[in-house]
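Enquirer: what shape does this take:
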Amino acid sequence: MSMKDRLVDQAKKLASSGRVVRVVSNDRVMRLATGVMDAKNRLRAARERAAEAWDILLNGHALPNIDPALDDEAGVHGAAPARAASPRPAAGGAGLSTVEEAVSSSKAPPASARAHVNGVGTNGAGANGAANGAGTYVAAAAEQQLATQMASRTSLARIGGRDVFEKAYKFMTADNARAMGVYPFFRPLDFNNGPEAQLEGRTVTMLGSNNYLGLTTHPKVREAAKKAIDKYGTSMTGSRLVNGSMRLHNELEEKLAAYHGKEAGLVFTTGYQVNIATISALLSNKRSVAMIDKDDHASIYDGVRLAQAAGARMVRYKHSDPAALDSALSEITDTEGALVITDGVFSAQGEIASLPGIVEVVKKHKARLLVDDAHALGVIGPGGRGTAAHFGLGKEVDLIGGTFSKSLASIGGWLVGERKVLDYIQHFAYSFLFAASAAPPCVAAAMAALEVMQEEPWRQEKLRENFTYMRTELQRLGFELGKTETAVIPIYIRDDLKTVMMWKSLLDDYALYVNPFITPGVPPKQQVLRTSYMATHERKHLDHALEAFEKVGKKFGVI
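Expert: Prediction:
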């Protein structure tokens, strides 16, 4: 080995040592580095804000509407004023939660840096970077490059001018992250069989799926979808309003209503559409108020934005805090009506909403309540019936909605409640009226999954056993897990770059697939590796994951 090769090899070992990795990913060090490197962009942003203020002073133009989902200072009842806030509603999906936006001056790392990511040449995706041994990571210069982009990416959306594509051409972070092998999103799976999947030809243990009951590959669910294709074809090619309603849709609506003990049900094309349609239809004028938990899902926020276009108001209350909700509802006028909207299980935290207190406050103020049970159905409550059933409050919650894309092993959405209310929604929600109806195989698969859920109660029991075991063991290892009580278990890292680096190590070195959530997908200091568990995970999958978490957690100084 030549002297040059020996020096390069020693440099690689030094860069990947636990001590160097901990120093490079130290929060204070990274704040200092990113602050210095982003000085130019901060000055430019300050100039832009000053120009806007001057324009308002001269011409009286109003400031652009602040997105309340991105700024705690936009008012959260019961919350202390935030010094630095840029949260976004949690993704349950997950929504784009990392390496998202770059500053206009971002540049790709030099060819020499790209050529030595992970100590070997990269192929753009970085999946083969572990070929020369575990414990090799992005070089320090590349890490600082990425950290700079991550710290300043939110300025990109402010770019404007004659060409609306300008910001797209200046968006470099995803390209650079792919080149450095640290881009965690939109990576196509070759195959996904539940507890295990294939990614770029490699088998990985899947801890990043919402297939809670493991029904996507259940023989009965598969067969139902096949039979529906044979009988009805692949699509209705129209909306429910005109030619897109079938007896199949009505049958599933009746079964969902009976399952939840409600009068009626309504089937949608996606779970996201459930919230957009329901909220915009019910809050359709200036005397309507959307009262939402600060950490509600992005689909709830988007439904509220549509309602705001019709004149409705939005008020956010402190996360899962009935007292804050009580305070907020006390301030609405006698001529206003409020719809309180909360996730049943919060998709990033795995936390169950404080529904008993929320229901008491809602009844006190004669408001109405919508619970999004996307991550609760099949997971909690007797028979997997969700949050309201978990607390014995099924009759007290006005509307319960959710998605087919998790425990129901399909694509679509559902809503249950009073018949007259659902009848109004399906006649007044544009996003329901003018959207193509759910495809027959999707509806049939969801209906079969609902039946299997009730026929095989062991699945919910096994799921609870699995996530209880993981929660207990991760806490024993010293990880911070928050208030999770469900199949979603977040591992708090509280640092953007460290979260991404740990995600990469888990995948490259231990073939463990998890989801990294960093700002602005989560509030500052709330960065997590989100893990999700299934009834079909075997103990060997869980123990392998625990071994990987312990080693990576120690390497990065998290435990």
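Enquirer: residue ranges with poor pLDDT in the protein?
Expert: The model of the chain has pLDDT under 70 over residues 1, 12, 15-38, 41-42, 45-74, 80-155.
Enquirer: one more pass at 50, please.
Expert: Across the chain, the ranges flagged by pLDDT under 50 are 56-70, 73, 82-138.
Enquirer: which non-adjacent residue is nearest His544?
Expert: Thr205 (5.8 Å; Cβ to Cβ, 6 or more residues apart in numbering). Any C-beta I mention is one placed from the backbone N, CA and C, and that applies to glycine too.
Enquirer: next SSE after the helix or strand containing that neighbour?
Expert: Element membership of Thr205, judged by DSSP states H and E, is strand 202-206. Later in the chain than strand 202-206, the nearest helix or strand by DSSP H and E is helix 219-232.
Enquirer: got the contact list for the strand holding Thr205?
Expert: With Cβ atoms under 8 Å, 6 or more residues apart in numbering as the test, strand 202-206 has contacts from 127, 192, 194-198, 507, 511-513, 534, 541, 544-545.
Enquirer: distance of the residue nearest to His544 from Val443?
Expert: Distance of Thr205 to Val443, computed by Cβ to Cβ, to the nearest Å: 32 Å.
Enquirer: again with Phe432
Expert: Shown here: Phe432 relative to Val443, a distance of 15 Å by Cβ to Cβ.
Enquirer: now for Ala353, how many residues are close by?
Expert: When neighbours are defined as other Cβ atoms under 10 Å, Ala353 has 26 of them.
Enquirer: what about the residue nearest to it when sequence neighbours are not counted, neighbour count?
Expert: Excluding its sequence neighbours, the residue lying closest to Ala353 (Cβ to Cβ, 6+ apart) is Thr342, at 4.9 Å. When counting by other Cβ under 10 Å, one arrives at 27 neighbours for Thr342.
Enquirer: and the two most separated of the contacts of strand 202-206?
Expert: Ala127 and Met534 (23.2 Å; Cβ to Cβ).
Enquirer: ok, those two, which is more surrounded?
Expert: Between Ala127 and Met534, counted using other Cβ under 10 Å, the more crowded position is Met534 (26 against 18).
Enquirer: if I read this right, that one contacts Asn466, doesn't it?
Expert: Yes - with contact defined as Cβ atoms under 8 Å, Met534 counts as touching Asn466 (7.2 Å).
Enquirer: what sits in contact with each of the two?
Expert: Common contacts of Met534 and Asn466 (Cβ under 8 Å, 6+ apart): Ala487.
Enquirer: ok, and the closest non-adjacent residue to Ala511?
Expert: Nearest residue to Ala511 in three dimensions, chain neighbours excluded: Val204, at 4.6 Å (Cβ to Cβ, 6+ apart).
Enquirer: state the distance from the one you found to Val397.
Expert: In terms of Cβ to Cβ, Val204 sits 38 Å off from Val397.
Enquirer: the two - which one has more neighbours?
Expert: Val397 (27 against 21).
Enquirer: report the contact partners of the more buried one.
Expert: By Cβ under 8 Å, 6+ apart, Val397 lies in contact with Leu355, Val359, Leu369, Val371, Ala388.
Enquirer: the same query, at a cut-off of 6 Å, please.
Expert: With contact taken as Cβ atoms under 6 Å, 6 or more residues apart in numbering, Val397 is in contact with Leu369, Val371, Ala388.
Enquirer: show me these that map onto strands.
Expert: Of the contacts of Val397, the ones assigned to strands by DSSP state E are Leu369, Val371.
Enquirer: just give me the closest of the contacts of Val397 to Ser2.
Expert: Among those, and counting by Cβ to Cβ, the member closest to Ser2 is Val371, at 66.0 Å.
Enquirer: partners of that closest one in the sheet?
Expert: For Val371, the beta-bridge partners are Thr342, Ile400 (DSSP bridges).
Enquirer: tell me who's in contact with it.
Expert: Contacts of Val371 by Cβ under 6 Å, 6+ apart are Thr342, Gly344, Thr387, Val397, Ile400.
Enquirer: which single one of those residues is nearest to Lys406?
Expert: Within the contacts of Val371, proximity to Lys406 (Cβ to Cβ) peaks at Gly344, which comes in at 11.9 Å.
Enquirer: what's the burial count for the closest residue to the closest one other than its chain neighbours?
Expert: For Gly344, ignoring the flanking residues on the chain, the nearest one in space by Cβ to Cβ, 6+ apart is Thr387 at 3.2 Å. Thr387 has 27 neighbours, counted by other Cβ under 10 Å.
Enquirer: got a list of what Thr387 touches?
Expert: Gly344, Leu355, Val371, Asp373, Ala376.
Enquirer: cool, and His249?
Expert: By Cβ under 6 Å, 6+ apart, the residues touching His249 are Val267.
Enquirer: still on that earlier bit, please report how far the residue nearest to His544 lies from Thr531.
Expert: 11 Å.
Enquirer: more neighbours, those two?
Expert: A count of neighbours by other Cβ under 10 Å puts Thr531 above the other of Thr205 and Thr531, at 26 against 21.
Enquirer: wait, isn't that one in contact with Val488?
Expert: No - with contact defined as Cβ atoms under 6 Å, Thr531 and Val488 do not form a contacting pair (7.6 Å).
Enquirer: distance check, the closest residue to Thr531 other than its chain neighbours against Ser347.
Expert: Excluding its sequence neighbours, the residue lying closest to Thr531 (Cβ to Cβ, 6+ apart) is Leu207, at 4.4 Å. According to Cβ to Cβ, Leu207 stands 15 Å off from Ser347.
Enquirer: okay, these two: which has more neighbours?
Expert: Set Leu207 next to Ser347 and count neighbours by other Cβ under 10 Å: Ser347 wins out with 29 against 25.
Enquirer: just say helix, strand or coil for that one.
Expert: coil (DSSP: H, G, I helix; E, B strand; the rest coil).
Enquirer: for Asp190, which three-state class applies?
Expert: Classification of Asp190 using three-state DSSP returns strand.
Enquirer: was I right about it contacting Gln198?
Expert: Yes - the pair Asp190 / Gln198 is scored as a contact, 4.0 Å apart, by Cβ under 6 Å.
Enquirer: with neighbour numbers in mind, choose between the two.
Expert: Neighbour count, other Cβ under 10 Å: between Asp190 and Gln198, Gln198 has more, with 14 against 11.
Enquirer: residues near the residue lying closest to Phe346 once chain neighbours are set aside, how many?
Expert: Leaving aside its sequence neighbours, Phe346 sits nearest to Asp295 (Cβ to Cβ, 6+ apart; 5.5 Å). When neighbours are defined as other Cβ under 10 Å, Asp295 has 26 of them.
Enquirer: make sure Asp295 is indeed in a strand.
Expert: No - applying three-state DSSP, one finds Asp295 to be coil, outside a strand.
Enquirer: give the next helix or strand downstream of the helix or strand containing Glu461.
Expert: For Glu461, the element it lies in under DSSP H and E is helix 458-477. Moving toward the C-terminus from helix 458-477, the next helix or strand (DSSP H and E) is strand 488-492.
Enquirer: ok, that next one: who's next to it in the sheet?
Expert: Strand 488-492 has the following strand partners under DSSP bridges: strand 528-532 (antiparallel).
Enquirer: in stretch 245-262, what's buried?
Expert: Ser245, Met246, Leu248, His249, Leu252, Glu253, Lys255, Leu256, Ala257, Tyr259, His260, Lys262 (16 or more other Cβ atoms under 10 Å).
Enquirer: returning to that earlier point: any idea how far Tyr301 is from the residue nearest to Thr531?
Expert: From Leu207 across to Tyr301, the span is 27 Å (Cβ to Cβ).
Enquirer: and for Leu546?
Expert: 35 Å.
Enquirer: of the two, which one has the most company?
Expert: Neighbour count, other Cβ under 10 Å: between Leu546 and Tyr301, Tyr301 has more, with 23 against 16.
Enquirer: Ala409 reaches Leu213, doesn't it?
Expert: No - using Cβ under 6 Å, Ala409 is not in contact with Leu213, being 7.6 Å away.
Enquirer: how about Lys462, what does it touch?
Expert: Lys462 makes contact with Ala535 under the criterion Cβ under 6 Å, 6+ apart.
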